[in-house]
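[1] Sharing a model prediction with you, sequence too.
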Amino acid sequence: MVGLTEIRWHGRGGQGAKTAALLFGEAVLGQGKHMQAFPEYGPERMGAPVQSFNRISDKPITLHCHVTNPQVVVVLDPTLIGTVDVTHGLPDDGTIIVNTHEPAKKFREMLKLNGQKLYTVDASKISRETIGRDIPNTPMMGALVKATSLLDFKEMLADTEKKLQKKFRSKPEVIAGNLKAIKRAYDEVTEG
Amino acid sequence: MKQINPDVCAAYPITPATEVMQIFASYVADGLVDTELVTVESEHSAMSATIGAAAAGARSMTCTSSQGLALMWEMLYIAAGLRLPIVMPMVNRALSAPINIHCDHSDSMGARDAGWIQIFSENAQEVYDNVIQAIRIAEHPDVLLPAMVTFDGFIISHAMEPVDTQEDADVQKFIGPYKAKYSLLDVDNPITVGAIDLTDYYFEHRRSLAEPSLTCVHSIAEEVAADFAKEFGRTYKIFEEYKMDDAEIAIVVLGSTAGTAKVVIDDLRSKGMKAGMVKIRMFRPFPYKQIADALSGVKAVAVLDRSDGLAGMGGPVFGEIRSALYDNEKRPATVNYVYGLGGRDITLKHIESVYNDLQKIVKEGQPENLVSYLGVRE
């Protein structure tokens, strides 16, 4: 399908990979584009490798098959690399974004990239400093937008704020922290 | 369901239908609906409670899937036999054994003789629109049959997609209030519900049960759809014809796979292939004559079944299509592909291969196999 972007998120149970895809999907919807967001289902427990997916298009999406060749891969947990083939199906002109404090060069070697763009950001550090916990999913959304320009960042931030206000009515510090996290990751993500 | 605001809802969880009842239960707890929520101990009880409530004149709903539907099997027949207009969203999931929580159509196909109206949804928008329309269709005084609105487990049930929703008041206006013709709670006009019926009258009563399917369910569904289009702007038919006008080869399919097929068809059309699709929305009652007409001009048809009836010659939809085409003067070569059992992914390539097979049949005449299994490791 022309004009379609597919994204695959890799994480471990509890890191918010599913929520990331859903939140990102809502942000896409907020900007008037068409979207799908769905997790992969299997045995679910804290720490187990999980995947989730997004589809984005300016035209309505009628596809309902699995995402096998994502244009973009987001890795929430770098310890997955080596265990899970995170670049599976990623085309040579694809983009991969990794949450890590280590230099990009290390991952370029580990992932055996074949021309794909690699971005890194220390989303865990950002989330610890802004939200107080190592939940890298919301900052990784900011990194994703910076790396791919899939969405208007300001609009996405405003939309995410609205959604977070609904979910965390009773915890305003969580909302502020998440927004700060997204903004920081957007600013700090670098191509490597 | 929130906007329908049923009088009674019986709830029992099963993956992947659980969230429907779970989220609805939070609406009840938050006072957003007036529904009396009855939490029961099994799906059999869920349908029993729903039947009891409906017989007492309440607009009643429940939701289940797979083993849950199978467990309430005897009650499905009873709901239909008692002419109770229960509407049930039903998430399509494979039946055990082996245990599988993912999508296929074996559950609703297994219940196809129960007398329920069956409406299949391609995507989230269709689920929303179909459940609303199902209330009107089921409660129509000439119908008075229970209706299930199905949608694919995980593929649709657990995926987020855009849905245009209507205002609460507009949905309420569209469905109207429910006035049961007979009610157990109407003490001035006492009735017996669920009595025994011996050899002298059972047949007549079951014959009357067939009447709506034979005479008016489809036309009423079309009227409701026309009204829905007028009010809300979205069009629905008994089945959808996608690029069928000049199609030489076509597939027949139900559920979310139709959406994937649309992408394949558009691609094949751009390459000059005259490909089309019939997507069945109302599977029960089955629109035999209309589908036979829709397929009459086609040279070869592949029926895609997301369940295997283990009948000895293909899946249930294949059987229906062959029956529908039997009286046609011009019959397309018709083959069957059983696919996607237990949630096995059906890809663009799979669907394209089906069309390539159909092209081959048009060229060479006889199909190699009448029934094939698509996407399985043989």
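    Yes, it's here.
[2] quick one: the strands in the stretch 201-350 of chain B?
    In the stretch 201-350 of chain B, strands defined by DSSP state E, counting those that start in this stretch lie at B:239-242, B:249-253, B:275-280, B:282-284, B:300-305, B:333-339, listed in chain order.
[3] Point to the residue nearest the middle of chain B.
    Centre of chain B computed as the mean C-alpha position; nearest residue by Cα atoms, centre = their mean is residue B:119, 2.8 Å away.
[4] what's the closest non-adjacent residue to residue B:318?
    Closest residue in space to residue B:318, ignoring its immediate chain neighbours: residue B:336 at 3.8 Å, by Cβ to Cβ, 6 or more residues apart in numbering or on different chains. (Each C-beta comes from the backbone N, C-alpha and C, glycine too.)
[5] Please report the distance of that neighbour from chain A.
    Spatial separation of residue B:336 from chain A under the definition Cβ to the nearest Cβ, to the nearest Å is 21 Å.
[6] how's chain B carved up into domains?
    Structural domains annotated on chain B: B:8-231, B:239-374, as defined by automatic domain parsing.
[7] need the strands for the stretch 1-150 of chain B, in chain order.
    According to DSSP E, counting those that start in this stretch, the strands that the stretch 1-150 of chain B contains are B:8-11, B:36-39, B:60-61, B:64-65, B:87-92, B:117-120, B:147-152.
[8] Need the three-state assignment for the residue of chain A most remote from its centre.
    Relative to the C-alpha centroid of chain A, counting by Cα atoms, centre = their mean, residue A:170 is the outermost residue, at 25.6 Å. Counting by DSSP: H, G, I helix; E, B strand; the rest coil, the backbone at residue A:170 sits in coil.
[9] Next, the buried residues of stretch A:116-132.
    When neighbours are counted by 16 or more other Cβ atoms under 10 Å in any protein chain shown, the buried residues of stretch A:116-132 are found to be A:116, A:118-127, A:130-131.
[10] Quick check: what element follows the helix or strand of chain A with the lowest mean pLDDT along the chain?
    Lowest by mean pLDDT, DSSP states H and E among the helices and strands of chain A is helix A:153-167, with a mean of 87. Once the chain leaves helix A:153-167, the next helix or strand it forms, by DSSP states H and E, is helix A:172-188.
[11] Alpha carbons only: can I get that next one in CSV?
    Taking only C-alpha atoms (Å, rounded to 0.1, in the frame of the first residue of the first chain), the coordinates of helix A:172-188 have been written out as CSV:
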residue,chain,number,x,y,z
PRO,A,172,-0.7,15.8,37.5
GLU,A,173,3.0,15.3,38.2
VAL,A,174,2.8,12.2,36.0
ILE,A,175,1.4,14.3,33.1
ALA,A,176,4.0,17.0,33.4
GLY,A,177,6.8,14.4,33.7
ASN,A,178,5.7,12.5,30.6
LEU,A,179,5.5,15.7,28.5
LYS,A,180,8.9,16.7,29.7
ALA,A,181,10.2,13.3,28.8
ILE,A,182,8.8,13.4,25.3
LYS,A,183,10.3,16.8,24.7
ARG,A,184,13.7,15.9,26.0
ALA,A,185,14.0,12.8,23.9
TYR,A,186,12.9,14.8,20.9
ASP,A,187,15.7,17.2,21.6
GLU,A,188,18.4,14.6,22.6
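[12] picking that back up, which of the buried residues of stretch A:116-132 lies closest to residue A:12?
    Of all these, the one sitting nearest residue A:12 is residue A:124; the distance, using Cβ to Cβ, is 12.1 Å.
[13] Which phi and psi values does residue 123 adopt?
    No chain in the question, so chain A it is. In terms of degrees, to the nearest 10, the main-chain angles of residue A:123 are phi -70, psi -30.
[14] Excluding chain neighbours, give the residue nearest to it in space.
    Nearest residue to residue A:123 in three dimensions, chain neighbours excluded: residue A:136, at 3.7 Å (Cβ to Cβ, 6+ apart).
[15] how close does that neighbour get to chain B?
    21 Å.
[16] How many residues are close by that residue?
    Other residues within reach of residue A:136, judged by other Cβ atoms under 10 Å in any protein chain shown, total 32.
[17] need the contact list for it.
    With contact set as Cβ atoms under 8 Å, 6 or more residues apart in numbering or on different chains, residue A:136 has these partners: A:15-16, A:76-77, A:99, A:123-124, A:126-127.
[18] okay, these in CSV with pLDDT next?
    Supplementary listing: the contacts of residue A:136 in CSV, determined by pLDDT from 0 to 100:
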residue, pLDDT
A:15, 86
A:16, 87
A:76, 96
A:77, 95
A:99, 97
A:123, 96
A:124, 96
A:126, 97
A:127, 95
